[in-house]
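Visitor: Got a predicted structure here, sequence first:
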Amino acid sequence: MRGPGTASRVRAGAAPSARRRQSPCTCREGTGPGPRRAVAPDAYRSENPRPRPESPRPRGDPASVPARPRPERRGTRGATTRRTRQPARPPRTPAARKGAGRRPSGGPGGTARAAAPYAASRGRPRRPARHRHRRRGALRHRQSAKESASPMKTIDELISQGVSGKRVFVRADLNVPLADGVITDDGRIRAVLPTLTALAEAGAKVVVASHLGRPKGAPDPAFSLLPAAERIGELLGRPVAFAQDTVGPAAHEAVDGLEPGQLAVIENLRFNPGETSKDEAERGDFAERLSHLADVYVGDGFGAVHRKHASVFDLPKLLPHYAGYLITTEVGVLHKLTEDVRRPYAVVLGGAKVSDKLGVIDHLLERADRILVGGGMVFTFLAAKGHEVGASLLQEDQIPVVQEYLRRAAEKGVEFVLPTDVVVSRSFPDLKAKAPTAHETVAADAIPADGIGLDIGAGSQALYAARLADAGTVFWNGPMGVFEHPDFAAGTRAVAQALVDSEGFTVVGGGDSAAAVRILGFDESAFSHISTGGGASLEYLEGASLPGLAALED
């Protein structure tokens, strides 16, 4: 039996029943229960091979295609560049429009990648033929946008310089939802796999670190990263060591025991108060201790880049630092939403509180063509227009702010689209039992006094789909209703379907929107991009400086 303070080895994934039988770690620095061992099914080795770079798809015989001048490009709202008239060309079929000029995404040595190769392990049906090339084409555009958007050094540069035998600290975002110790959505884990795979196959000793939940600066078994370490092992089909502390003896033993090409996950960074401390000295001290575990830093936790935390902001200053594939992709996509927008530009905003979206709304009034509003925040908009909203969620103190936004939108020609009907109930549904809840659809200006608005109605769903149909770019952040309950998921499902059907560039802005896509069973690859950072995405669109990105650009 291994003694206290040692690192345990998680083999290529534990069987779920085995994981439940084992007790969580105590997570104290240098202490813990005995090791937990598990074995992953061999199926993951065959189902999840590392994606290999592919050559660009030929576009046909150049001699048969007449040369065309570059079309007009638009940046910020109203800005254009000169173009010449394009010669007439034969019309193309919808299938040709979807696939023309697109190629598969590359591997670690090529373009930035998302985690689409791993979607097959989730057992989802194959997406319709008309969407089969969308995500791949989007990745090509993301990379080109990234190249013009940020001076960050990339992981490709690191690998080209030689990384074999070096300890590479990867700050990932493994903040996944857990239910009784079982991961219910592994999207963020799958998103970082391309970076982990590339580094491991280049011979690096990979040290993976992340936060999970809000443990308040102290060890809490409910927030252990052990399930995430096991899941990484399952998806990669290789052993993953797990250290039961962050900078103590177990962490150092796990890292020191790595061979080139092997991975270790250290315990939840937020178990140490220095990770989130507002005191720069305390935060810097923790970053210094983390730096002893690595030779190089790779930032790939986009969901945390808006946090001024030790592992995100301070640690990159102490080590040579590079951006991983996920952050490279995320920044490239968001750049397309701010500086290189294909119009019409439609934004769908939902969620509970309008106060959470004030900054991004203010920013979008200068850039978007139309803003569609749903979720709990829509009732503050309806109240701002003079409608009664019954017992629905309402932020009365924000009504004047919303009225000012509506006035500015009218001046600038930005269209605000609000629901014409809503689904209401007299009580909030039980989200665990999901039992049927009495509800009815009423006009948005006729909500009864005791009615709680929980979703947009069928008429609004059709309206929103119509306003998204011709959009060249769509950004969606926030569900349209209480999608966790089947009685109130139709609005969110309709918006997701509208993005799937769109011919434009479609981005799901992380958070609950990304969770809704997966819970409602949509094929993730049918969207151009699904962000892993809800709050980070919004702050980027607001024009705010994100500490984690600033540190990588330094």
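Guide: Perfect, I can see it now. Numbers count the residues shown, from 1 in each chain.

Visitor: Okay, now the unreliable bits of the protein?
Guide: Within the chain, the set of residues satisfying pLDDT under 70 comprises 1-150.

Visitor: one more time with 80
Guide: Screening the chain residue by residue with the criterion pLDDT under 80, one finds the ranges 1-150, 340, 510, 554.

Visitor: Can you pull the domain assignment for it?
Guide: Under the TED database, the residue ranges defining each domain of the chain are 155-328, 341-542.

Visitor: Reformat these as CSV; add distance to L334.
Guide: C-beta coordinates here come from the backbone N, C-alpha and C atoms, glycine included. Supplementary listing: the domains of the chain in CSV, determined by distance: least, CB to CB, whole Å:
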stretch, distance to L334
domain 155-328, 9
domain 341-542, 5
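
Visitor: Between the two ends of stretch 170-187, what distance do you get?
Guide: By CA to CA, to the nearest Å, the extent of stretch 170-187 from end to end equals 17 Å.

Visitor: Where do the strands of the stretch 301-450 of the chain begin and end?
Guide: Remark: strands of the stretch 301-450 of the chain, listed N- to C-terminal, are 321-323, 345-349, 370-373, 415-417, 421-425, 440-443; assignment by DSSP state E, counting those that start in this stretch.

Visitor: Can you say which of those strands is nearest to R289?
Guide: Distances from R289 to each of these were compared using CB to CB; the minimum, 17.3 Å, belongs to strand 321-323.

Visitor: what helices or strands is the closest one leaning on?
Guide: Taking 3 or more CB pairs under 8 Å, 6 or more residues apart in numbering; DSSP states H and E as contact, the helices and strands that strand 321-323 lies on are helix 155-161, strand 296-299, helix 547-553.

Visitor: Tell me which of these is the most buried.
Guide: Comparing the helices and strands packed on strand 321-323 by mean neighbour count (mean count of other CB atoms under 10 Å), strand 296-299 comes out on top with a mean of 27.

Visitor: who's in contact with that one?
Guide: Residues external to strand 296-299 that are found in contact with it (CB atoms under 8 Å, 6 or more residues apart in numbering): 155, 158, 163, 166-171, 195, 199, 204, 305, 312, 315-316, 318-324, 327, 548, 551-552.

Visitor: circling back to that earlier point, can I get the helices and strands packed on strand 321-323 in JSON lines with distance to K385?
Guide: Listed next are these as JSON lines, based on distance: least, CB to CB, whole Å:
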{"stretch": "helix 155-161", "distance to K385": "49"}
{"stretch": "strand 296-299", "distance to K385": "43"}
{"stretch": "helix 547-553", "distance to K385": "38"}
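
Visitor: which one of the ones you listed lies closest to R467?
Guide: helix 547-553 (32.1 Å).

Visitor: out of the helices and strands packed on strand 321-323, nearest to V482?
Guide: Set against V482 and scored by CB to CB, the helices and strands packed on strand 321-323 come closest in helix 547-553, at 31.8 Å.

Visitor: helices or strands next to the closest one in the packing?
Guide: Taking 3+ CB pairs under 8 Å, 6+ apart as the contact cut, helix 547-553 packs with strand 296-299, strand 321-323, helix 325-338.

Visitor: Could you export it as PDB, CA atoms only?
Guide: What follows is helix 547-553, C-alpha atoms only, in PDB (Å, rounded to 0.1, in the frame of the first residue of the first chain):
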ATOM      1  CA  PRO A 547      -5.900  38.900 -17.600                       C
ATOM      2  CA  GLY A 548      -5.200  35.400 -18.900                       C
ATOM      3  CA  LEU A 549      -4.900  36.600 -22.500                       C
ATOM      4  CA  ALA A 550      -2.800  39.600 -21.500                       C
ATOM      5  CA  ALA A 551      -0.400  37.400 -19.700                       C
ATOM      6  CA  LEU A 552       0.000  35.200 -22.700                       C
ATOM      7  CA  GLU A 553       0.600  38.200 -25.000                       C
END
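
Visitor: what comes into contact with that helix?
Guide: 150-153, 299, 301-302, 304-309, 312-314, 316-317, 321-323, 327, 331, 536.

Visitor: re earlier: let me have the helices and strands packed on helix 547-553 in JSON lines, extended by distance to L468.
Guide: Putting the helices and strands packed on helix 547-553 into JSON lines (distance: least, CB to CB, whole Å) gives the following:
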{"stretch": "strand 296-299", "distance to L468": "33"}
{"stretch": "strand 321-323", "distance to L468": "31"}
{"stretch": "helix 325-338", "distance to L468": "15"}
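
Visitor: can you map out the helices along the stretch 251-400 of the chain?
Guide: Along the stretch 251-400 of the chain, the stretches classed as helices by DSSP state H, counting those that start in this stretch are 280-291, 325-338, 358-364, 378-384, 399-412.

Visitor: relative orientation of the second one and strand 345-349 in degrees?
Guide: Spelled out, that is helix 325-338. 110 degrees (axes from the mean of the first three to the mean of the last three CA atoms, to 10 degrees).
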